[in-house]
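Student: Requesting a structural model of the entry that follows:
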Amino acid sequence: MKHRGVAADAIVAIVRDGAEASDLAAAGVQVRVADYTDQAALRVAFADVDKLLLISGSEVGRRLAQHTNII
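Tutor: Numbering: from 1, shown residues only. A predicted model of the protein is given here:
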């Protein structure tokens, strides 16, 4: 991340399982837990986020709704 000129603490990673992202947290990334289907959790997780890189959901048949929630 530093090689891109972005400080780790300026990055927010939205994850479904915080334990799975312990390496990101250890690197200084802000890890927030939310699911693409949980609009309330997404609103909280996206607080103060200005830019988004969406990693497409993998649940076939649910992606459109999930991506709509994100965007």
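Student: can you map out the strands along this structure?
Tutor: Here the chain has its strands, by DSSP state E, at 12-15, 30-33.
Student: Look up the residues forming beta bridges with the residue nearest to the spatial centre of the chain.
Tutor: Nearest to the mean C-alpha position of the chain, counting by CA atoms, centre = their mean, stands Ile14 at 2.0 Å. For Ile14, the beta-bridge partners are Arg32 (DSSP bridges).
Student: tell me the pLDDT at it?
Tutor: Confidence at Ile14, expressed as pLDDT, is 94.
Student: does it really touch Arg32, like I thought?
Tutor: Yes - if you go by CB atoms under 8 Å, Ile14 and Arg32 touch, sitting 5.5 Å apart. Quick note: C-beta positions are derived from backbone N, CA and C, even for glycine.
Student: List the contacts of the residue nearest to the centre of the chain.
Tutor: 32-34, 42, 45-46 (CB atoms under 8 Å, 6 or more residues apart in numbering).
Student: wait, Ala25 sits on Val31?
Tutor: Yes - Ala25 is in contact with Val31 according to CB under 8 Å; the separation is 4.6 Å.
Student: Can you point out the buried residues in the lowest-mean-pLDDT helix or strand in the chain?
Tutor: Among the helical and strand segments of the chain, the one scoring lowest on mean pLDDT, DSSP states H and E is helix 63-70, with a mean of 91. Using 16 or more other CB atoms under 10 Å as the test for burial, helix 63-70 gives 66, 69-70.
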